[in-house]
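S.K.: predicted model follows, preceded by the sequence.
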Amino acid sequence: MKKTKVPLTVFISYASEDRSIAIDLAEALRKAGHSPWIDVEQLLPGEDWKLEISRAIETCQVFIAIMSSRSVSKKGFVQKELKLALEVVEQLPQGETFIIPVRSEACTSSYPFLRNVQWIDLFPIMENGIAKILKSLKLLETKSSAIPPIHTNKNTHDYETNATHRPLTNMYPSLEAVFSKLASMIPRSMILGSIKDNLTIAEHAAFFAEEVGFKKSLIPALRLGVIARDIGMLFIPVQILTKTAALSREEYSQIQRHMIYGESIVRAVKDPHVIIAANIIRSHHERWSGSGQPDGLREEEIPLEARIVSIIGAFHSIRAKRAYRPGCSPEEALQYMKKTKGEFDPALFSKFCEERIFLWKPSAH
């Protein structure tokens, strides 16, 4: 049985001269299933640099500082970010953020704090250094009590929580309302329907999840993930979201990053069950065949909750009326989905094809 990947959020700090190294490292972390935060991808024009950096560091689990002879010999961004990071870390519970100092070349840091921390060198062979970083993150995943383990198979979803990390179940209705309001700010052309439509999809996904043995205590987090699945669109420039002409390759790439942006927002909620919502937001566009986004996960590498939402989301999207086509019946939508081989978990999709599931109707409010 494969374990669901639970990505670590990793903040990458660097000087402008080391940008290409930082980008390569971010890509390596992303391919390994982690969620890197790097300013060149996440910061938007006009945002408050210090505020956004602080927020990112507060919600990250790992802070990587890339040092070089260029960056440590001047008063540059690494120094500012690292100083800021340490100030933020001091406000958090001990051990909340794991710091990895990295050298891209031979240099010495003037920070006393880093003298007691094990360094990793990206030279003389960068790939070897990255391999050491990934190994450290793997060990951190194993040891960290902040990341409760998730076990999945075709019929069950068992989520274990430490006694000191009790889920804040009562807060989820309020979170749903908050994220529903945020979702309403996204241009209609980029998401499916209204707030009411989104709540209907969440209800349908919750019903289906219970039918396939998803743990009942995790249903509120699953609903939140459905409602907030496109929340990362708020970080995409509005001129891209509302563009009527064909998107350029770079614009399309920005759209694809909305899953990563959204995941980082929801992970700020300090509750162990929120990982369910975060998994949905990041992985609901993954495909059973491995052809999806953003990580190219395949089969049971895709979190169970994301596989469930992928089916429900596709069903409602096909049924919805669009400006360029009419809506369709549940039966027509199901027949269309049967033709798209390789997109869905075959066992889950077989269960979905039962009449009482795909013909489900929302409860009266």
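M.R.: Great, that's in hand.

S.K.: C-alpha only now, for contacts and for neighbours.
M.R.: Will do.

S.K.: backbone dihedrals for residue 101, please?
M.R.: phi -80, psi 140 (degrees, to the nearest 10).

S.K.: residues touching it, list them.
M.R.: Taking CA atoms under 8 Å, 6 or more residues apart in numbering, we find residue 101 in contact with 64, 65, 66, 67, 114, 117, 118, 119, 120.

S.K.: spell out for me the ChimeraX command that would select the buried members of those.
M.R.: This is the ChimeraX syntax for the buried subset of these, where burial follows 16 or more other CA atoms under 10 Å:
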select :64,65,66,67,120
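
S.K.: show me which of the contacts of residue 101 is closest to residue 304.
M.R.: Nearest to residue 304 out of the contacts of residue 101 is residue 64 (CA to CA; 30.2 Å).

S.K.: the closest one in helix, strand or coil?
M.R.: The three-state label given to residue 64 by DSSP: H, G, I helix; E, B strand; the rest coil is strand.

S.K.: ok, so of the contacts of residue 101, who is nearest residue 362?
M.R.: Lowest distance from residue 362 to those (CA to CA) belongs to residue 64, with 46.3 Å.

S.K.: show me where this structure has its strands.
M.R.: For the chain, applying DSSP state E gives strands covering 9-13, 35-37, 62-67, 98-103, 120-121, 150-152, 157-159.

S.K.: the third one pairs with which strands, parallel or anti?
M.R.: Strand 62-67 has these partner strands in its sheet, going by DSSP bridges: strand 9-13 (parallel), strand 98-103 (parallel).

S.K.: pull the number of nearby residues for the residue nearest to residue 283 when sequence neighbours are not counted.
M.R.: Distances taken as CA to CA, 6 or more residues apart in numbering place residue 306 nearest to residue 283, at 5.7 Å, with adjacent residues excluded. Applying other CA atoms under 10 Å, we find 25 residues neighbouring residue 306.

S.K.: contacting residues around residue 306?
M.R.: By CA under 8 Å, 6+ apart, the contact list for residue 306 reads 279, 280, 281, 283, 284, 286.

S.K.: and the gap between residue 220 and residue 362?
M.R.: Remark: distance between residue 220 and residue 362 (CA to CA, to the nearest Å) = 16 Å.

S.K.: same deal with residue 343?
M.R.: 25 Å.

S.K.: pick the one among the contacts of residue 101 closest to residue 328.
M.R.: Among the contacts of residue 101, residue 64 lies closest to residue 328 (CA to CA), at 49.6 Å.

S.K.: ok, residue 220 and residue 362, which is more surrounded?
M.R.: More crowded of residue 220 and residue 362, by other CA under 10 Å: residue 220, with 22 against 13.

S.K.: report how many residues lie close to residue 27.
M.R.: 15.

S.K.: ok, residue 252 next?
M.R.: The burial count for residue 252: 12, using other CA under 10 Å.

S.K.: repeat that for the one 10 residues further on.
M.R.: Other residues within reach of residue 262 by the criterion other CA under 10 Å amount to 24.

S.K.: can you tell me which residues contact it?
M.R.: 228, 229, 230, 231, 232, 233, 278, 281, 282.

S.K.: residue 361 too?
M.R.: Residue 361 is in contact with residue 204, counting by CA under 8 Å, 6+ apart.

S.K.: since that was my last question, I'll sign off now.
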